[in-house]
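K.L.:
Everything below, folded, please.
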Amino acid sequence: MIRKSQRFLEHATMKKTFSSYRSILSLIIAMSNLSFPSVAHAQMAEGPQWTKTDDGEIYKAFDDELKRTVGKLKLGEHPSPYFVSFHGSESKYINVYGAFGALDRIDKGRGRSLSVDVRVGDYKFDNSGSASTFFYNPYEVYSTDTTMALENDYDSIRRALWLLCDRRYKRAIEELEKKKAVLHQKKVDNLPDSFVKTDPVVAVLPVSKQEVDSQRWAEIVRAVSKEFRASPGVVDCRVVYENRDYMRWFQNSEGSKNREQEFCSMLYMSATAQASDGMLVSDFALYAVKKDKDMPSREELLAVAKRLTDNVSKLAKAPLIEEYSGPILFEKQAAAEFFSQTVAPHLVMSSESAFERRNRRTESDLLGKRILPKFINISDNPLLDSFNGRPLKGGYIIDDEGVKAKPVSLVEHGTLKTLCSGRTPSRGIQESNGHFRDGKAKVSQLFITSDTSKTPEELRNQLIQLGKDAGLSHVMIARKIVNPSAASFDIETVNSILSSGRKEIDLTAPTLLYKVSVADGTETLVRGARFSGLTRRTWRDIDSVANDDDVYVTSNGFSTVGNTFNIVTPSILVSEVDILRNSHETDLPIVLIRPDLASPPVAIQKGSAKKEKTKQKKER
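P.N.:
Numbering: from 1, shown residues only. As a prediction, the model looks like this:
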């Protein structure tokens, strides 16, 4: 299962991080002075001349094939493309996997890819999106890709672009005709435009080199994973280190030309134990930073491994959860996962169709409405590099559509003001705020703030008082919740989440959940819990927040480095949440103890075998 999950991860999205704050500041100032040329419909805007050095050959190939595609690509009576963009990327990676003091695998490599977007029609109505939805599906662009030569070879790159553009142009013509045919049969009210016009951005950002000692990390992974051997109760463990050096080249027919390099290092570790009834219990730790030097030290990681070992040993002996409905205090990391999993997915612009609008509300329908308590504000800022001295990982300067990244105030005093968006408009959002990444609009770095707050101790006391007022014998504190990025290392966890069915909002199971007596405040660790019945109404059940804002690593989905991002949030108290037992079915307990804990085999004394053979000969 573990090796299957590793292969599952290898198909994750390209990994992203960002440059230093000082570089960001200087680049923003420089970019603010750029002049943006006006672009006529279906005409190539003139850009700077590229020299034949380093990646100059890439941009020369981009530039020449863009001009040819826009100026000459035409099939019969069908129109030429009105918009074309090229997206090239390179990923250099180092992966180190280990368990129980041994290295499973070390991967090193470098790969490149090319994708194109060819649009036929105009900004108001083009081929993008399917005929049934009338809305752009960004993955159509990213599925039209191919490998890119590892060398900056002009002819090879142009040949790949030529074939991609031809294929994509023919598909675009077919898609546009299908959409026109549907419009002759159906009336669609308030149909949004197909694409947003933006000012061209020319920003070729600096390139640097980050030295990563793979042998050093191999030794750290070996040492940290060996720490789990100390506990006889640990039946499985995993330590994974990943490093990415990611480069992106972008150019479009409007005149935008961008280059941005991003670094990221990540380390994940987990330990699993089995209770006497067969239930598997786990705990994990996840770190993601832009600079490898900001990763925790070997000593810190060894201490974390020991803490995980202690936690799963206690979890294996903990009582099973009882059905519960009442207030829950989401502390620290658990609060970050609450916002990341339940709120963040609804802060990005998603595709809208007539079918979707008939059956459920979309994010755009919530604009201008109160979705959270009036004291809560949420913003997203891709440009920040640190928070209270803590480095942040998830920012960038230019998004994947060539638009400058912008800070966005998403929720003000509980009211949804706007969404993270790309260049595909919706009925409620008509412009891009530079949040298009990996084929869709995404949050980058979320900041949860509150107009009022309490100390952590005051919040805990309020939790207990809410329990007393409700006549409960105990209340709950969630201190850690499974991160989908961490869960992706366990294919069984992934399958259970994916098979759970679509809900309005989802929240993965708590890893560390404590039952707190309202009588004396004593805490009891429990296991086997899952959250139930969560809806958007749960957001407004946030009663109070603490003043313990901190930085946490979370993710946009089932992957590691690529989708990890930072969220800054305080602990929160939710007045009512339902908790049920996760499953009434478990594996049978493992019969034998772990091999390395078994008694060593009896050694065969030297010469004994030879003496036995001699004795047998004499007897014959």
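K.L.:
Am I right that Gln341 is in contact with Leu507?
P.N.:
Yes - counting by Cβ atoms under 8 Å, Leu507 is a contact partner of Gln341 at 5.1 Å. (Glycine included, C-beta is placed from N, CA and C.)
K.L.:
Please enumerate the shared neighbours of these two.
P.N.:
Ile481 (Cβ atoms under 8 Å, 6 or more residues apart in numbering).
K.L.:
show me what contacts Val207?
P.N.:
Shown in contact with Val207 (Cβ under 8 Å, 6+ apart): 247, 259, 261.
K.L.:
Secondary structure element for the last one, which one?
P.N.:
Just to be clear, that refers to Gln261. strand 257-274 (DSSP states H and E).
K.L.:
Can you give the distance of that strand from its chain's centre?
P.N.:
10 Å (Cα atoms, centre = their mean, to the nearest Å).
K.L.:
Kindly list the main-chain dihedrals of Cys541?
P.N.:
One thing to correct before we go on: residue 541 is Asp, not Cys. phi -90, psi 0 (degrees, to the nearest 10).
K.L.:
Now do the contacts for it.
P.N.:
So Asp541 contacts 574-577 (Cβ under 8 Å, 6+ apart).
K.L.:
rewinding a little: name the helices or strands packed onto the very next helix or strand once past the strand holding Gln261?
P.N.:
Next along the chain after strand 257-274, taking DSSP H and E as the criterion, comes strand 280-289. Strand 280-289 sits against strand 257-274, helix 298-317, helix 484-487, strand 510-517, strand 550-555, with contacts defined as 3 or more Cβ pairs under 8 Å, 6 or more residues apart in numbering; DSSP states H and E.
K.L.:
What strands flank the strand holding Gln261, and is each parallel or antiparallel?
P.N.:
strand 202-204 (parallel), strand 234-252 (antiparallel), strand 280-289 (antiparallel) (DSSP bridges).
K.L.:
Give me the angle between the second one and helix 298-317.
P.N.:
What that stands for is strand 234-252. 120 degrees (axes from the mean of the first three to the mean of the last three Cα atoms, to 10 degrees).
K.L.:
In PDB, list the C-alpha atoms belonging to strand 234-252.
P.N.:
Extracted C-alpha coordinates of strand 234-252, given in PDB (Å, rounded to 0.1, in the frame of the first residue of the first chain):
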ATOM      1  CA  VAL A 234       4.800   1.100  16.000                       C
ATOM      2  CA  VAL A 235       3.800  -1.300  13.200                       C
ATOM      3  CA  ASP A 236       4.500   1.100  10.300                       C
ATOM      4  CA  CYS A 237       6.300   4.400   9.800                       C
ATOM      5  CA  ARG A 238       7.300   6.700   6.900                       C
ATOM      6  CA  VAL A 239       9.700   9.600   6.500                       C
ATOM      7  CA  VAL A 240       9.800  11.500   3.200                       C
ATOM      8  CA  TYR A 241      11.900  14.400   2.100                       C
ATOM      9  CA  GLU A 242      11.200  16.200  -1.100                       C
ATOM     10  CA  ASN A 243      12.900  19.200  -2.700                       C
ATOM     11  CA  ARG A 244      11.900  21.100  -5.900                       C
ATOM     12  CA  ASP A 245      13.600  23.700  -8.000                       C
ATOM     13  CA  TYR A 246      10.800  24.800 -10.300                       C
ATOM     14  CA  MET A 247      11.100  27.200 -13.300                       C
ATOM     15  CA  ARG A 248       8.300  28.600 -15.400                       C
ATOM     16  CA  TRP A 249       8.400  30.400 -18.800                       C
ATOM     17  CA  PHE A 250       5.300  32.100 -20.100                       C
ATOM     18  CA  GLN A 251       4.400  34.200 -23.100                       C
ATOM     19  CA  ASN A 252       1.200  35.100 -24.800                       C
END
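K.L.:
Now do the strand holding Gln261, average pLDDT.
P.N.:
For strand 257-274, mean pLDDT rounds to 94.
K.L.:
ok, now how distant is the closest residue to Gly326 other than its chain neighbours from Arg298?
P.N.:
Excluding the flanking residues, the one nearest Gly326 by Cβ to Cβ, 6 or more residues apart in numbering is Leu472, at 5.2 Å. From Leu472 over to Arg298 the distance is 45 Å, taken as Cβ to Cβ, to the nearest Å.
K.L.:
Would you mind writing the CA trace of the strand holding Gln261 as PDB?
P.N.:
Taking C-alpha atoms only, strand 257-274 is exported to PDB below (Å, rounded to 0.1, in the frame of the first residue of the first chain):
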ATOM      1  CA  LYS A 257       6.500  37.500 -21.100                       C
ATOM      2  CA  ASN A 258       7.300  36.000 -17.700                       C
ATOM      3  CA  ARG A 259      10.000  33.900 -16.000                       C
ATOM      4  CA  GLU A 260       9.700  32.900 -12.400                       C
ATOM      5  CA  GLN A 261      11.800  30.400 -10.300                       C
ATOM      6  CA  GLU A 262      10.500  28.800  -7.200                       C
ATOM      7  CA  PHE A 263      12.100  26.600  -4.500                       C
ATOM      8  CA  CYS A 264      10.500  24.300  -2.000                       C
ATOM      9  CA  SER A 265      11.600  21.700   0.500                       C
ATOM     10  CA  MET A 266       9.200  19.500   2.400                       C
ATOM     11  CA  LEU A 267       9.500  16.800   5.000                       C
ATOM     12  CA  TYR A 268       6.700  14.400   6.100                       C
ATOM     13  CA  MET A 269       6.900  11.800   8.800                       C
ATOM     14  CA  SER A 270       4.200   9.500  10.300                       C
ATOM     15  CA  ALA A 271       3.900   6.600  12.700                       C
ATOM     16  CA  THR A 272       1.200   4.000  12.900                       C
ATOM     17  CA  ALA A 273       0.300   1.700  15.800                       C
ATOM     18  CA  GLN A 274      -2.500  -0.900  16.200                       C
END
